[in-house]
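In: Could you work out the structure for the sequence below:
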Amino acid sequence: MKFKHQTVLLHEAIAGLNIIANGIYVDCTLGRAGHSLEILNHLSTGKLYCFEQDNEAIIASQQVLQQSKYQNYEIIKNNFVNLAAELQLRQIKVVNGFLYDLGVSSPQLDDDKRGFSYRYDSMLDMRMNQQQSLTAQVVVNTYSMAALAKIFQEYGEEPFAKVIAKNIVTARAEQTIETTLQLVTIIKKSLPQKILKKAKHPAKRIFQALRIEVNQELFVLQESLQQAVKMLAINGRLVVISFHSLEDRIVKKYFQTLTQDPNYEINQLLPTVSHFESNYRIINKRAIVPALDEQTVNPRSTSAKLRILERVK
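Out: Numbers count the residues shown, from 1 in each chain. Sure thing, here's the model as predicted:
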């Protein structure tokens, strides 16, 4: 099956990296190599390291990159939570730019065998790394009612989390929940008619929550960002594209933490001047979003937000 992939915020992300031709760059989320290929277009003697844990994405991106004229790249099959360790193995201690393009990719969503989408009836999987043991099916069938409700509330911001969790536990007592369609049916039965009549698919929040739990996306993001900023060169850039509010909130808050005086609130109450100088600065105070023409061509880009951090000393 062939999948159409459209790279989101391509030009904005590359501009945000402020690439130098002889620099070291890391694409933390290789995907289908859209951003990676454009980074390589801007390098001469520099090198690009690409992280990816999805086997299918690696195969597809290898085909793209091998057809290009470039050889100054390396694909690292690993989760970007292991960023620092993998780069240190390659004697890389300083990086001129990191790029994160978070979330699930269009090819993953559109593959009816991966279980990411509520639009297809497939096995409940949702693993980005197909070698890991934890799947959405394991979560749905083994987590306690309280644990499921907490995931749905925190990761999906689902108002009916407790009801859905209760109905999942009741349903799985009679029959193992194996497919996306089984789960969607339970979700729909748990929601009032006024919610079911809305345009948004009723299972969207739950599927997002399960995907985040299976892949530990928020924990991995926080850990990886902390590693990346420590390796960032002076004048180097960290560019992050997120697709839902939970990710964007983590990025925004972490950037603020790095750039704001830790005693800011106390100093506001005192007749004193802060002499705090951060090693970092936020390039765009407001998140960059796709232009209307990009949103029209690629509706999935609508929720994308891009934030840029630079190391200044």
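
In: Who are the packing partners of whichever strand or helix holds Ala233?
Out: Using DSSP states H and E, Ala233 sits in strand 232-242. In terms of contacts (3 or more Cβ pairs under 8 Å, 6 or more residues apart in numbering; DSSP states H and E), strand 232-242 is packed against helix 10-17, strand 95-101, helix 217-231, helix 245-259, strand 305-311. For glycine as for every other residue, the C-beta is placed from the backbone atoms N, C-alpha and C.

In: what ranges of the protein fall below the confidence cut-off?
Out: Applying pLDDT under 70 to the chain picks out residues 1-5, 264-270, 272-275.

In: Would you map the strands across it?
Out: For the chain, the strands defined by DSSP state E cover 24-27, 47-52, 73-77, 95-101, 232-242, 280-282, 305-311.

In: what angle do the third one and strand 47-52 make?
Out: In this case it means strand 73-77. 20 degrees (axes from the mean of the first three to the mean of the last three Cα atoms, to 10 degrees).

In: Only C-alpha atoms, please: export strand 73-77 in CSV.
Out: Taking Å, rounded to 0.1, in the frame of the first residue of the first chain, the C-alpha atoms of strand 73-77 are listed here in CSV:
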residue,chain,number,x,y,z
TYR,A,73,23.6,11.4,6.8
GLU,A,74,23.1,8.4,9.1
ILE,A,75,19.8,6.8,10.1
ILE,A,76,19.7,5.8,13.8
LYS,A,77,17.1,3.2,14.6
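
In: With mean neighbour count and distance to Leu134 added, can I get the strands of the chain in JSON lines?
Out: Output for these, formatted as JSON lines (neighbours: other Cβ atoms under 10 Å; distance: least, Cβ to Cβ, whole Å):
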{"stretch": "strand 24-27", "mean neighbour count": "26", "distance to Leu134": "25"}
{"stretch": "strand 47-52", "mean neighbour count": "24", "distance to Leu134": "19"}
{"stretch": "strand 73-77", "mean neighbour count": "18", "distance to Leu134": "18"}
{"stretch": "strand 95-101", "mean neighbour count": "25", "distance to Leu134": "22"}
{"stretch": "strand 232-242", "mean neighbour count": "22", "distance to Leu134": "23"}
{"stretch": "strand 280-282", "mean neighbour count": "16", "distance to Leu134": "34"}
{"stretch": "strand 305-311", "mean neighbour count": "23", "distance to Leu134": "28"}
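
In: Good, we can wrap up now.
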